[in-house]
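S.K.: here are the coordinates; sequence isn't available:
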């Protein structure tokens, strides 16, 4: 018996006629800001442009098993529950705004087997009897922190994305429920679910877009085997974003490309030089090869296996901040200096326009191949990674260095040292760059919005000599541009391309041009456009208070919940502050969503007690907790202090002297 497949609009999926159960064997809801932002942005991206006819957008597949003996259809959700839960949360949020007509959404379609806290949290969200936050009507034991965080993120992200893209809520609503489609696949009634899960967990992957792109670029180089080999070698070396690019080449090739000294240089001028270097190293390696006996082959394999086990560049050691398809778009943008989208859904179309259909596509492919290798080298040396060693992890800003112990392929050893290290007296600057880049990264978890990375690569790619101080100053200027020229700018701020490519990362806002309280409304709860406002402030505070041990060891992580330090809904008998004070910047800080769910209604004294035994969530929060009495006057004083810190960053070092 074959599977039954139905194409459903989101309205048909959630209108309450069918029930979708999340069984106990499924993991808890786990989507964070990156995934939720991507879903919202995907829908917005497919909205019809002016005078265009709306077309369907297929959001994915929902695999279900229909439970027998039910009066109405009850579907056990096998695959796609994260997307289903997000769509249900999004629809509940739209209903709670009361700005669009959702009378048809009168019954909740999603249910949870034996998960009372999940049921309670979703019921509170669906019923919408709270003022600002579902936690208002829930006891702590009733809260599923993942579901609550998902709703809070939708509260924050949807208005932001609609504003950014100049889309009305009604237009988004009309398209979401009529033109966004999902494929519901119902497995046969006699399906062995255990066997099905085994197949699902071991299924092969489809050919990815970047692999199709590689094949199409290889076609352009037909007739020149050396050029094709060069493209293939570069592509394969760069595709593993968690491995330093030097390790993607054979030992004989590394010296030709990255210098004989320590494989840490990249001085080739263009594609032709790269192709020649690879070809000559292959010829040398071929001449050195001699037939091996069976014993020698076995011995060589044993040595290689041991080297792999001890290899410090094993994929699990470093986690990257970007994936390969998105990185390809960053390279293309840097190489062409064109305002192309950083959205890998458009990967093939974008490369079609800017490479494959250029007047001289062969030259365009060669140019891009060389730029890809150079950008990957720069990325590895000068952009943060997440490092894992012996169960511990942390941010890393390190370059590859080969310590030659004789014949490189046998006795030498690769190591990783600070990019700007002790030998040039820049270890402090190395730490500052690491902190700043990690602040950028955790503020924009969605891959399509990693504009800070594009700004870094653009600077590194075109500067004549990379110097620690100049790189730091550039990225600090980019941070100021993002915060003041866009996130806190009155009206519509500058777009990212203008900030990075037109103004070369130079912040356009001047301290003297900002009147007192000019961006006050942008620094209130619900109006802070991006978490970089908080994280850049924390970076500045880390610089100012770094002699304190707690602050000195601070690290940026993915904290996405904006907490009211004095609670919005204090416990019985406590003073309720006026809305302006409560929602002012002085009373806000970033913390993890799990802590926000747990501590949201606690008074400041109780929160301070909790953090005695827990690491601080932000430097701003740490300074707030140092204040003895957290009342209206303390909140306003802190708000003025923090605003001054932000504004003072606009004064250059030369001006301050």
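M.R.: Received, thanks. Note that the coordinates shown come from a computational prediction; the quantities given were computed from them, not determined experimentally.
S.K.: Can you report how many residues lie near residue 64?
M.R.: 23 (other Cβ atoms under 10 Å). For every residue, glycine as well, the C-beta is placed using N, CA and C.
S.K.: go on, residue 575?
M.R.: So residue 575, with other Cβ under 10 Å, has 9 neighbours.
S.K.: Please report how far it lies from residue 150.
M.R.: 31 Å (Cβ to Cβ, to the nearest Å).
S.K.: Low-confidence ranges, the stretch 101-250 of the chain, go.
M.R.: 191-207 (pLDDT under 70).
S.K.: Swap in 50 and give it another go.
M.R.: For the stretch 101-250 of the chain, applying pLDDT under 50 flags the ranges 203-205.
S.K.: Can you show me the helices along it?
M.R.: 116-127, 145-164, 169-178, 193-201, 209-220, 225-239 (DSSP state H, counting those that start in this stretch).
S.K.: Packing partners of the second one?
M.R.: Helices and strands in packing contact with helix 145-164 are listed as helix 33-45, helix 81-97, helix 116-127, helix 169-178, strand 561-564, helix 593-599; criterion 3 or more Cβ pairs under 8 Å, 6 or more residues apart in numbering; DSSP states H and E.
S.K.: Residue 388 contacts residue 395, correct?
M.R.: No - Residue 388 sits out of contact with residue 395 when judged by Cβ atoms under 8 Å, with a separation of 11.4 Å.
S.K.: So for the two, which sits in the more crowded spot?
M.R.: The neighbour count for residue 388 versus residue 395, taken as other Cβ under 10 Å, is higher for residue 395 (19 against 15).
S.K.: any idea how far the residue nearest in space to the middle of the chain lies from residue 531?
M.R.: Taking Cα atoms, centre = their mean, the centroid of the chain lies closest to residue 445, which sits 2.4 Å from it. Using Cβ to Cβ, we find residue 445 at a distance of 9 Å from residue 531.
S.K.: and residue 335, how many neighbours?
M.R.: 20.
S.K.: does the residue nearest to it when sequence neighbours are not counted count as helix, strand or coil?
M.R.: Nearest non-adjacent residue to residue 335, counting by Cβ to Cβ, 6 or more residues apart in numbering: residue 371, 4.1 Å away. Secondary structure state of residue 371, per DSSP: H, G, I helix; E, B strand; the rest coil, is helix.
S.K.: next one: residue 21
M.R.: Classification of residue 21 using three-state DSSP returns strand.
S.K.: start at 241 instead
M.R.: Will do, 241 is the new start, and the previous item becomes residue 261.
S.K.: Who are the contact partners of it?
M.R.: Applying Cβ atoms under 8 Å, 6 or more residues apart in numbering to residue 261 gives the contacts 307, 314, 315, 316, 317, 351, 352, 353.
S.K.: Got a quick ChimeraX command for the buried subset of those residues?
M.R.: Restricted to buried positions by 16 or more other Cβ atoms under 10 Å, the ChimeraX selection for the contacts of residue 261 reads:
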select :314,315,316,317,352
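S.K.: Can you flag which of the contacts of residue 261 belong to strands?
M.R.: Among these, DSSP state E puts 314, 315, 316, 317, 351, 352 in strands.
S.K.: and of the residues you listed, the nearest to residue 302?
M.R.: Among the ones in strands among the contacts of residue 261, residue 317 lies closest to residue 302 (Cβ to Cβ), at 7.0 Å.
S.K.: so that closest one touches residue 324, yeah?
M.R.: Yes - at 6.2 Å, residue 317 counts as touching residue 324 under the criterion of Cβ under 8 Å.
S.K.: Which stretches in the stretch 491-640 of the chain count as helices?
M.R.: Using DSSP H, counting those that start in this stretch, helices in the stretch 491-640 of the chain cover 491-498, 511-528, 534-550, 564-576, 587-591, 601-622.
S.K.: Lowest mean pLDDT across the ones you listed, which one is that?
M.R.: When the helices of the stretch 491-640 of the chain are compared on mean pLDDT, helix 534-550 scores lowest, with a mean of 50.
S.K.: So what are the structural domains in this protein, by residue number?
M.R.: 244-441, 449-606, 750-896 (automatic domain parsing).
S.K.: got CSV for those, with distance to residue 734 too?
M.R.: Shown next, in CSV, are the domains of the chain (distance: least, Cβ to Cβ, whole Å):
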stretch, distance to residue 734
domain 244-441, 13
domain 449-606, 13
domain 750-896, 13
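S.K.: Determine which of the ones you listed approaches residue 712 most closely.
M.R.: Nearest to residue 712 among the domains of the chain is domain 750-896; the distance by Cβ to Cβ comes to 11.2 Å.
S.K.: ok so, going back, any idea which of the helices of the stretch 341-490 of the chain gets closest to residue 872?
M.R.: helix 385-404 (25.6 Å).
S.K.: May I see the buried residues of the closest one?
M.R.: So, applying 16+ other Cβ under 10 Å, buried residues of helix 385-404: 385-402, 404.
S.K.: ditto for stretch 724-742
M.R.: 724-729, 733-734, 736-737, 739-741.
S.K.: mean confidence for it?
M.R.: 92.
S.K.: residues in contact with that stretch?
M.R.: Counting by Cβ under 8 Å, 6+ apart, 577, 579, 691, 694-695, 698, 718, 721-722, 743, 745, 747-749, 758-759, 762-763, 768-770, 772-773, 890 sit against stretch 724-742.
S.K.: Give me the distance between residue 372 and residue 391.
M.R.: Counting by Cβ to Cβ, the separation of residue 372 from residue 391 is 11 Å.
S.K.: next one: residue 849
M.R.: Taking Cβ to Cβ, one finds residue 849 at 28 Å from residue 391.
S.K.: swap in residue 350?
M.R.: Residue 350 is 13 Å from residue 391, where distance means Cβ to Cβ.
S.K.: what's the answer for residue 603, then?
M.R.: From residue 603 to residue 391 the distance is 51 Å (Cβ to Cβ).
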